[in-house]
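S.K.: Provided below are the primary sequence and the corresponding predicted coordinates.
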Amino acid sequence: MVRGYGERLKKLRRLGLSQAWHAAAFERASPLPDLAEILRDGDEEREPQGDDAMTFNLASFAAATQAGEI
């Protein structure tokens with residue numbers, strides 16, 4: 001029960017941090033994106049990511065983890 005309470009607090013903290021981050025990001029955005037784009041569920045069909053994009057994303061992730069950013 002105590003572990004569950006701790007996990008709940010961790011989730012709430014992460015949610016609060018996520019909300020603060022998004023509020024700051026939207027404050028800096030000019031112009032704001034359409035609300036429908038922000039609220040989408042992610043269930044829409046997307047184009048598959050190409051090889052170049054995957055390579056770039058993996059290299060960026062690897063560099064960030066080596067730099068201690070993640």
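M.R.: Everything's here; your move. Remember, predicted model here, so these are calculated numbers, not experimental data. Residues are numbered from 1 along each chain as shown.
S.K.: which regions of the protein lie under the pLDDT threshold?
M.R.: Across the chain, residues meeting the criterion (pLDDT under 70) sit at 42, 69-70.
S.K.: mind running it again at 80?
M.R.: 1, 38, 40-46, 67-70 (pLDDT under 80).
S.K.: and Glu47, what helix or strand is that in?
M.R.: Glu47 is part of no helix or strand, with elements assigned from DSSP states H and E.
S.K.: quick one, phi psi at it?
M.R.: Backbone torsions for Glu47, taken as degrees, to the nearest 10, come to phi -70, psi 140.
S.K.: Ok, Ile38 next?
M.R.: Taking degrees, to the nearest 10, you get phi -70, psi -40 for the backbone angles of Ile38.
S.K.: list the contacts for it?
M.R.: Shown in contact with Ile38 (Cβ atoms under 8 Å, 6 or more residues apart in numbering): no residues. (Each C-beta comes from the backbone N, C-alpha and C, glycine too.)
S.K.: any idea how far it is from Lys10?
M.R.: Between Ile38 and Lys10 the computed distance is 25 Å (Cβ to Cβ, to the nearest Å).
S.K.: do you know how far the spatially most central residue of the chain is from Lys11?
M.R.: Centroid-nearest residue in the chain: Ser18, 8.0 Å away (criterion: Cα atoms, centre = their mean). With distances taken as Cβ to Cβ, Ser18 is found 10 Å from Lys11.
S.K.: Pro48 too?
M.R.: Using Cβ to Cβ, one obtains 31 Å as the distance from Pro48 to Lys11.
S.K.: ok, which stretches of the chain are helices?
M.R.: 2-28, 35-38, 51-66 (DSSP state H).
S.K.: Looking at Pro48 and Lys11, which has the bigger crowd around it?
M.R.: Neighbours were tallied for Pro48 and for Lys11 using other Cβ atoms under 10 Å; the higher tally belongs to Lys11 (10 against 6).
S.K.: What distance do you get for that one to Leu17?
M.R.: For Lys11, the distance to Leu17 equals 11 Å [Cβ to Cβ].
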